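Engineer: pasted the sequence and its predicted model underneath.
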Amino acid sequence: MEQRFSEARIIGFLREAEAGMAVKDLCRRHGFSEARHYLWRSKFGGLEVSTPSG
């Protein structure tokens, strides 16, 4: 099954919420549910996006 959002984008969404954006507004802006946000937070919370060194 193809994912709509990459892991890097999901982590970016989580960082926006951590920076103070309201979860409701974040979800509305990017088109996913609050339930999905909390699921992602439990799965990806605390992860960093790895960048290729180069």
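Structural biologist: Alright, I've got the coordinates. Not measured: the values here are computed from a predicted model. Numbers count the residues shown, from 1 in each chain.

Engineer: please count neighbours and contacts with C-alpha atoms only from this point.
Structural biologist: OK.

Engineer: in which helix or strand does the nearest residue to residue 10 once chain neighbours are set aside reside?
Structural biologist: Take residue 10 and drop its neighbours on the chain: the residue closest to it by CA to CA, 6 or more residues apart in numbering is residue 40, 7.3 Å away. Assigning secondary structure by DSSP states H and E places residue 40 in helix 34-44.

Engineer: show me what that helix is in contact with.
Structural biologist: 10, 11, 14, 23, 24, 27 (CA atoms under 8 Å, 6 or more residues apart in numbering).

Engineer: run the last query once more with 10 Å
Structural biologist: 7-8, 10-11, 13-15, 17, 23-28, 33, 45, 47 (CA atoms under 10 Å, 6 or more residues apart in numbering).

Engineer: show me where this protein has helices.
Structural biologist: Secondary structure of the chain (DSSP state H): helices at 7-18, 23-30, 34-44.
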